[in-house]
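Engineer: got a sequence here, can you model it:
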Amino acid sequence: MSRATRMAAPGSVALVALLAFAPSAHAQCFYDDIAAGSTYSFSHDGTPRINQLNNYWTAIAIGPPAGDDWDLGVYSSVAAFPACVSGILANSTFGGSVVDFVVGDFNANPPGVYLAKVNRFSGVGATTFTQWDSGADALGVNALPISRTVTQLNVVECWDVYLEAGKTYRFAIDHGGPADLKVLVFRNPAAAPYWAGRSSRVLETATSANYAAPSTGWYGVVVVNDNGGNDSYRLAVGTCETPAELASGIAYFASGVSAWRSFLQLASYFTAVAVRSNDVTQDWDLEVHANAAGTAYPTCFSGLLTSSAYVAGTTDFIVGDFNGGANTSGTYYARAFPFGPATSTAKIEWDDGADQISVDAPPLTRLTGTDDLIECWDVFLNGGQNFGINFTHDGAADLKVMVFRNSGAGYWVQRGSADYVATGNGFFTAPSSDWYAVVVVNDNGEAGSYKLGISQCAGFFSLASNAVYFSTPGGGHEIHPTAEEPRTLSTEKRAEAAYHSAAHTGGHRGRDGADLG
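Structural biologist: Numbering: from 1, shown residues only. You can find the predicted model right below:
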């Protein structure tokens with residue numbers, strides 16, 4: 001015979017009182033209805049009663065006082081005193097001062113009312129904490145980790161997870177506090193009613209572990225707090241997936257703990273692949289690999305070529321050179337993933353780079369926005385020459401232009417390896433005659449437009465004081481006032497100098513200020 005008391009929620013006014021429901025009597029037996037998610041206190045031989053209506057895995061558990069060993073059984077029917085219950089379905093007699101619990105698979109079990117009975121096997125405690133989780137929630141494979149906070153009153157939590165036969169899954173729980181937390185996995189071996197105690201788990205870990213699913217179906221996942229410590233934890237399950245193929249110039253949606261993608265590079269140009277968080281306050285990172293498999297989840301790919309790990313508010317991207325056999329054509333693999341606690345979704349884009357910029361050609365014009373992360377071109381530059389990188393833009397987009405030069409075979413680099421970075425017009429001196437990559441990146445996904453061109457700059461020569469020179473468009477001059485002269489020029493010479501100065505900042509302006517392109 002028992003009277004159950006419902007425990008107060010942490011931080012609320014103390015509430016240790018008789019349950020509001022009226023227990024039903026069967027001779028001298030009492031059956032106490034308990035609600036899912038609440039915590040109760042039961043004495044020895046107490047008989048909690050549950051009404052399971054959800055077609056999920058369920059779990060009922062007891063958290064013993066320190067040093068005690070309490071056991072638990074689940075039954076199908078009532079019985080006469082003193083047994084009070086009959087039709088044993090499963091029991092948990094794990095031993096030691098840990099959480100004993102019983103799970104049931106209501107993907108197969110008939111819904112309805114079931115009974116539990118608690119038993120103090122050893123110890124001196126008068127009561128034990130009892131909690132039931134009806135399990136009406138599920139874990140998503142490769143989804144972001146779920147977060148929970150636990151106290152002494154949080155004995156058990158239960159989820160469903162759908163696993164496929166032949167796949168290996170990684171179950172992981174991490175926390176930083178003193179709670180003795182464990183994650184356990186249960187499998188119903190047949191499409192039939194199933195109940196099992198704690199010892200029937202197919203996996204148990206306090207950190208992370210792999211499990212190869214022998215069959216396809218819904219599995220039960222349980223987290224227990226064996227010592228009743230106060231803590232917070234994150235729980236996740238994942239498996240390596242077949243990478244989805246990217247098409248050049250198309251932005252793809254990404255979510256979860258990892259996004260595995262592939263791209264087939266056949267063009268003998270520079271290529272670039274990028275990821276950008278859909279929340280500028282959060283961060284996604286990027287890797288490029290040579291092989292589709294070979295390492296454990298969550299990386300899954302192998303043969304790391306390089307990675308990009310810039311801060312939130314920027315687009316991570318990686319550039320590869322396929323000119324002249326620097327890299328072999330074929331399929332490569334990109335893994336994008338949220339960094340640390342990031343929970344945002346992201347976009348991924350690949351540009352196979354099969355286009356180029358001609359020096360001194362009219363500027364390219366582009367629109368950019370939420371589905372534009374990156375664009376990549378090749379340009380051939382002569383070594384030792386100066387080039388104007390003519391880059392103008394408007395709108396709210398955070399745009400940058402970058403130039404990359406291959407310094408050796410097998411070239412794969414992240415954005416931090418750029419030889420040139422600018423948000424506007426500037427100059428670049430090519431160290432050698434070669435094909436270079438020109439990349440424009442949109443760091444915030446806002447809308448805008450830009451113009452991009454590359455012009456060749458002539459060599460510089462000095463202007464003598466008070467001398468008149470004739471110049472062709474694009475000619476370069478250096479002005480060196482002498483120490484005796486004031487650092488001013490006549491109106492005519494000032495206009496002449498302004499004309500040639502403009503030639504080195506991405507455009508020529510006539511003496512009336514008109515843009516000449």
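Engineer: what's in contact with stretch 77-87?
Structural biologist: Contacts of stretch 77-87 with the rest of the structure, by Cβ atoms under 8 Å, 6 or more residues apart in numbering, involve 26-29, 31, 45, 47, 73, 75-76, 115, 117. Backbone N, C-alpha and C define where each C-beta goes, glycine included.
Engineer: and that stretch, what's buried?
Structural biologist: Residues of stretch 77-87 classed as buried by neighbour count (16 or more other Cβ atoms under 10 Å): 78, 84-85.
Engineer: likewise stretch 33-52?
Structural biologist: Neighbour counts over stretch 33-52 (16+ other Cβ under 10 Å) mark 33-34, 36, 39-43, 45-50, 52 as buried.
Engineer: may I have the distance across it, first residue to last?
Structural biologist: End-to-end distance of stretch 33-52: 11 Å, with Cα to Cα, to the nearest Å as the criterion.
Engineer: ok, now stretch 294-302?
Structural biologist: Between the opening and closing residues of stretch 294-302 lies a distance of 5 Å (Cα to Cα).
Engineer: in three-state terms, label residue 199 for me.
Structural biologist: Reducing the assignment at residue 199 to three states with DSSP: H, G, I helix; E, B strand; the rest coil gives helix.
Engineer: who's in contact with the closest residue to it other than its chain neighbours?
Structural biologist: Using Cβ to Cβ, 6 or more residues apart in numbering and skipping residues adjacent in sequence, the residue nearest residue 199 is residue 94, 6.0 Å away. For residue 94, the contact set (Cβ under 8 Å, 6+ apart) comprises 71, 100, 197-199.
Engineer: nearest to residue 389, of the residues you listed?
Structural biologist: Residue 389 lies nearest to residue 198 out of the contacts of residue 94, by Cβ to Cβ, at 66.1 Å.
Engineer: pull the number of nearby residues for that closest one.
Structural biologist: Applying other Cβ atoms under 10 Å, we find 27 other residues in the vicinity of residue 198.
Engineer: how about the one 5 residues further on?
Structural biologist: Residue 203 sits with 17 neighbouring residues when counted by other Cβ under 10 Å.
Engineer: residues in contact with it?
Structural biologist: With contacts defined as Cβ under 8 Å, 6+ apart, residue 203 is in contact with 171, 183-185, 209, 211.
Engineer: go on, residue 50?
Structural biologist: Contact partners of residue 50, counting by Cβ under 8 Å, 6+ apart, are 33-34, 36, 58, 60, 113-116, 132, 134.
Engineer: by neighbour count, which of the residues you listed wins?
Structural biologist: Of the contacts of residue 50, with other Cβ under 10 Å as the count, residue 60 tops at 29 neighbours.
Engineer: that residue touches residue 72, doesn't it?
Structural biologist: Yes. Under the criterion of Cβ atoms under 8 Å, residue 60 makes contact with residue 72 at 7.0 Å.
Engineer: what is in contact with the two at once?
Structural biologist: 101-102, 116.
Engineer: list just the nearest of those to residue 339.
Structural biologist: Minimum separation from residue 339 among the shared contacts of residue 60 and residue 72 (Cβ to Cβ) is found for residue 101, which lies at 35.6 Å.
Engineer: and residue 384, that one's in a strand?
Structural biologist: No. Residue 384 sits outside any strand when classified using three-state DSSP, being coil.
Engineer: spatially nearest residue to it, not counting backbone neighbours?
Structural biologist: Counting by Cβ to Cβ, 6+ apart, the residue nearest residue 384 is residue 430, at 6.9 Å.
Engineer: gap between the one you found and residue 392?
Structural biologist: In this structure, residue 430 and residue 392 are 22 Å apart, going by Cβ to Cβ, to the nearest Å.
Engineer: try residue 78
Structural biologist: In this structure, residue 78 and residue 392 are 82 Å apart, going by Cβ to Cβ.
Engineer: what are the ranges of the strands in the stretch 101-250 of the chain?
Structural biologist: Ranges of strands in the stretch 101-250 of the chain, per DSSP state E, counting those that start in this stretch, are 112-122, 127-133, 138-139, 146-150, 156-163, 168-175, 181-186, 195-197, 203-205, 208-212, 217-225, 231-238, 244-245.
Engineer: excluding its backbone neighbours, what's nearest residue 73?
Structural biologist: In this structure, residue 73 finds its nearest non-sequential neighbour in residue 91, 3.8 Å apart by Cβ to Cβ, 6+ apart.
Engineer: secondary structure element for the one you found?
Structural biologist: Residue 91 belongs to strand 85-92 when assigned by DSSP states H and E.
Engineer: got the angle for that strand vs strand 112-122?
Structural biologist: With axes from the mean of the first three to the mean of the last three Cα atoms, to 10 degrees defining the directions, strand 85-92 sits at 60 degrees from strand 112-122.
Engineer: and strand 85-92, how far out from the chain's middle?
Structural biologist: Taking the mean C-alpha point of strand 85-92 and that of its whole chain, the gap between them comes to 43 Å (Cα atoms, centre = their mean, to the nearest Å).
Engineer: and that strand, which strands flank it?
Structural biologist: As defined by DSSP bridges, the strand partners of strand 85-92 come to strand 69-78 (antiparallel).
Engineer: what comes up buried for the partner strand?
Structural biologist: For strand 69-78, burial by neighbour count (16+ other Cβ under 10 Å) applies to 69-75, 78.
Engineer: avg pLDDT for stretch 56-74?
Structural biologist: Looking at stretch 56-74 alone, the average pLDDT works out to 95.
Engineer: find the nearest non-adjacent residue to residue 230, please.
Structural biologist: Nearest residue to residue 230 in three dimensions, chain neighbours excluded: residue 151, at 5.2 Å (Cβ to Cβ, 6+ apart).
Engineer: mind checking how far the one you found is from residue 178?
Structural biologist: Distance from residue 151 to residue 178, counting by Cβ to Cβ: 12 Å.
Engineer: then residue 262?
Structural biologist: 44 Å.
Engineer: the two: which is more packed in?
Structural biologist: Comparing residue 262 with residue 178 by other Cβ under 10 Å, the one with more neighbours is residue 262, at 17 against 11.
Engineer: tell me if that one really is in a strand.
Structural biologist: Yes. Using three-state DSSP, the secondary structure at residue 262 is a strand.
Engineer: next, the contact list for it, please.
Structural biologist: If you count contacts by Cβ under 8 Å, 6+ apart, residue 262 has them with 243-246, 292, 331-334.
Engineer: ok, now residue 197?
Structural biologist: Taking Cβ under 8 Å, 6+ apart as the test, what residue 197 contacts is 72, 90-94, 100-103.
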